[in-house]
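Visitor: With the input below, show me the fold.
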Amino acid sequence: MPEVAMLYYEYQYNPKVKITGDQVVEVRVEDCMIKAVKLIRKKMQQEICSRGLAIETNPSSNYLIGTFRRYDRHPIVNWYNYGLTCNQEEVENCPQLQVSINTDDQGVFTTYIENEYAYLALALEKYKDENGKYRYNKTMILQWLDNIRKMGINQSFR
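Guide: This is a model prediction of the structure:
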């Protein structure tokens, strides 16, 4: 397609396009819009859960092309936290979606499945709350990851 070829050429060889592409543009979003998006997200998660759908996560890929810069902030913790925390309110407020940890294109992201689990485990183990206390227990992190591993196996054989 000529349009794609032109865009590729412009991005690779036109310095003005590269400069423009590197610029960060901030847009102020009204609080009511943020609230609306959160409500929609919660409704979508309920729908995903009710249908028994599974969410595949690729932590390294998500980190490199996503909006979070720390593995302990990966959204998987907000989708499934059963066993990761003893706080009953946090467990009840989490949708407890079926999730799995996977790798994305190994050639691009140079990672292995073992790394994906290790990155999350290490990040959660080192994560401290606002008071400087460790947020998660190592044994609970490992059990949580094992639960996710089992979910992944079950998802692949459905």
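Visitor: And the helices in this structure?
Guide: Using DSSP state H, the helices of the chain run over residues 2-13, 15-22, 31-51, 59-65, 76-79, 88-93, 106-109, 113-126, 138-156.
Visitor: a markdown table for the ones you listed, including mean neighbour count and distance to residue 100?
Guide: To be clear about C-beta, it is placed using only N, CA and C from the backbone, and glycine gets the same treatment. Output for the helices of the chain, formatted as a markdown table (neighbours: other C-beta atoms under 10 Å; distance: least, C-beta to C-beta, whole Å):
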| stretch | mean neighbour count | distance to residue 100 |
| --- | --- | --- |
| helix 2-13 | 10 | 32 |
| helix 15-22 | 10 | 33 |
| helix 31-51 | 11 | 14 |
| helix 59-65 | 17 | 11 |
| helix 76-79 | 18 | 9 |
| helix 88-93 | 10 | 20 |
| helix 106-109 | 12 | 16 |
| helix 113-126 | 16 | 10 |
| helix 138-156 | 15 | 3 |
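Visitor: Quick one: list the elements packing against the worst-scoring helix or strand of the chain on mean pLDDT.
Guide: Ranked by mean pLDDT, DSSP states H and E, the helix or strand of the chain with the weakest confidence is helix 106-109, at a mean of 75. Counting contacts by 3 or more C-beta pairs under 8 Å, 6 or more residues apart in numbering; DSSP states H and E, helix 106-109 packs against helix 59-65.
Visitor: try 10 Å
Guide: helix 59-65, helix 113-126 (3 or more C-beta pairs under 10 Å, 6 or more residues apart in numbering; DSSP states H and E).
Visitor: Go through the ones you listed and find the least confident stretch.
Guide: Here the lowest mean pLDDT among the helices and strands packed on helix 106-109 goes to helix 59-65, at a mean of 88.
Visitor: which strands and helices sit next to that one?
Guide: Using 3+ C-beta pairs under 10 Å, 6+ apart, helix 59-65 is in contact with helix 106-109, helix 113-126.
Visitor: Show me the contact partners of it.
Guide: Helix 59-65 has contacts (C-beta atoms under 10 Å, 6 or more residues apart in numbering) with 58, 66, 68-71, 73-76, 101-106, 108-112, 115-120, 123.
Visitor: so which of the helices and strands packed on helix 106-109 gets nearest residue 16?
Guide: Nearest of those to residue 16, taken as C-beta to C-beta: helix 59-65 at 24.2 Å.
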